[in-house]
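A.B. asks: Sequence first, predicted model second:
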Amino acid sequence: MKIAVFSTKSYDRQFLGVAFERSGHQLSFFETHLGDETAALAAGFDGVCAFVNDDLSASVLRVLSQQGNRLIALRSAGFNHVDLLEADALGLTVARVPRYSPHAVAEYAIGLILTLNRKIHRAYTRVREGNFALDGLLGFDLHGRTVGIVGSGQIGLCFAQIMAGFGCRLLVTDPYPNPAVRRLARYVDLPTLLGESDIVSLHCPLTPETHHLIDRVALDQMKPGVMLINTSRGAVVDTPAVIEGLKTGRIGALGLDVYEEEGDLFFEDLSDQVIQDDVFARLMTFPNVVVTGHQAFFTRDALEAIATTTLVNVDAFSRGEHSGNEVSAAQIVPNR
Ligand code: NAI
């Protein structure tokens, strides 16, 4: 099969190149995002391979379908950027990489917690400038603290296992409880979780139900000074509401690896440009905020797994079979 790979970075080329070397499939790499203006680049290919900030809305899918592309191979677990109803209507197969490395993301969320709690981001710059004062770097023991986990799937489970090791009390909310998580944590409703947690970590997908799950109302239910961590999808959090929460002190620390409007920013070197997004720029002014550019997944193990599963998905499609990683609108039940 001939596959057009969009949003390609050097590491995609490297890991996909190795996985597909003897596959008989042909990959063509495009650095540009997939969208209305670039969909025509995939003409003559059997399918496209897309990442999280590629645009797979209805109009793009229609162009892909018209020019004979039949497979959308996602290099991500999340598929909120695909209009699945339209893909189904057009008969396009959408396959994702569901479990490439839940450890990578869970471990990263804990990295954000440790950084924010012990102010490692501030200590790093201070010490480099010869400032060894400890004022302002005071943290708290994680042991004994209550951690709220929103979403107890693959990543939520890994996260719960690690936080249990820290000796934290764990509360979880998920419309579909996970028996493995139930052994470590207590399932509660979202208001209870928000009201009792010292740290809240988001591990649910972005769906219509989870869009702005953390909004003004949710913030009012949270403990004053709560630490909020988002490694799921940016739009699960209402960013202006969270900025207000930071200003009032309702949020004591914020760790984001994802951002609602990240499509215009993340994965690119914009260091010589003026950032036009004022909401993002305001976030950068808080000492108790750490934002990273969607890198929680970014481990060697995860990139190998993404490349290998993408090959499995392309192989299965080329043989007219299912890999089991296909997603369609029909499979998406409310809240899932
Ligand atoms: P998963 O599908 O295994 O688990 C998601 C869980 O969230 C499910 O148990 C589901 O029932 C639950 N959920 C759905 N709606 C909910 C709601 N309203 N409240 C609470 N829970 C809800 O997915 P996985 O692999 O754990 O990934 C979670 C999300 O993490 C992905 O959807 C993706 O958006 C994000 N992600 C971020 C990465 C990064 O690099 N920052 C990398 C990989 C995934």
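C.D. replies: Sure thing, it's come through.
A.B. asks: Going by C-alpha atoms from here, please, whenever you check contacts or count neighbours.
C.D. replies: Will do.
A.B. asks: which residues in this structure form strands?
C.D. replies: With strands called from DSSP state E, the chain shows them at 2-5, 26-29, 47-50, 71-74, 93-95, 146-150, 169-173, 186-187, 199-202, 226-230, 251-256, 289-291.
A.B. asks: Switch the ones you listed over to TSV; also include distance to the ligand.
C.D. replies: As requested, these are exported to TSV (distance: least, Cα to the nearest ligand atom, whole Å):
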stretch	distance to the ligand
strand 2-5	19
strand 26-29	21
strand 47-50	14
strand 71-74	12
strand 93-95	14
strand 146-150	5
strand 169-173	5
strand 186-187	10
strand 199-202	8
strand 226-230	8
strand 251-256	9
strand 289-291	11
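A.B. asks: need the ones you listed in TSV with distance to Leu56, can you?
C.D. replies: Output for the strands of the chain, formatted as TSV (distance: least, Cα to Cα, whole Å):
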stretch	distance to Leu56
strand 2-5	13
strand 26-29	18
strand 47-50	9
strand 71-74	9
strand 93-95	10
strand 146-150	26
strand 169-173	30
strand 186-187	35
strand 199-202	24
strand 226-230	23
strand 251-256	24
strand 289-291	26
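A.B. asks: which stretch among the ones you listed comes nearest Arg118?
C.D. replies: Across those, Arg118 has its closest neighbour in strand 251-256 (10.9 Å, Cα to Cα).
A.B. asks: Please state the offset of that closest one from the chain centre?
C.D. replies: 17 Å (Cα atoms, centre = their mean, to the nearest Å).
A.B. asks: Sheet partners, orientation included, of it?
C.D. replies: strand 226-230 (parallel), strand 289-291 (parallel) (DSSP bridges).
A.B. asks: Out of those, which one sits most buried?
C.D. replies: Neighbour counts averaged per stretch over the strands paired with strand 251-256 are highest for strand 226-230, at a mean of 25; criterion: mean count of other Cα atoms under 10 Å.
A.B. asks: and Asp36, how far is that from the ligand?
C.D. replies: 23 Å (Cα to the nearest ligand atom, to the nearest Å).
A.B. asks: which residues does that residue contact?
C.D. replies: 55, 59-60, 63 (Cα atoms under 8 Å, 6 or more residues apart in numbering).
A.B. asks: so what's it scoring on pLDDT?
C.D. replies: Asp36 carries a pLDDT value of 97.
A.B. asks: With Ile332 instead?
C.D. replies: On pLDDT, Ile332 comes in at 64.
A.B. asks: cool, Arg99 as well?
C.D. replies: The model's pLDDT for Arg99 equals 84.
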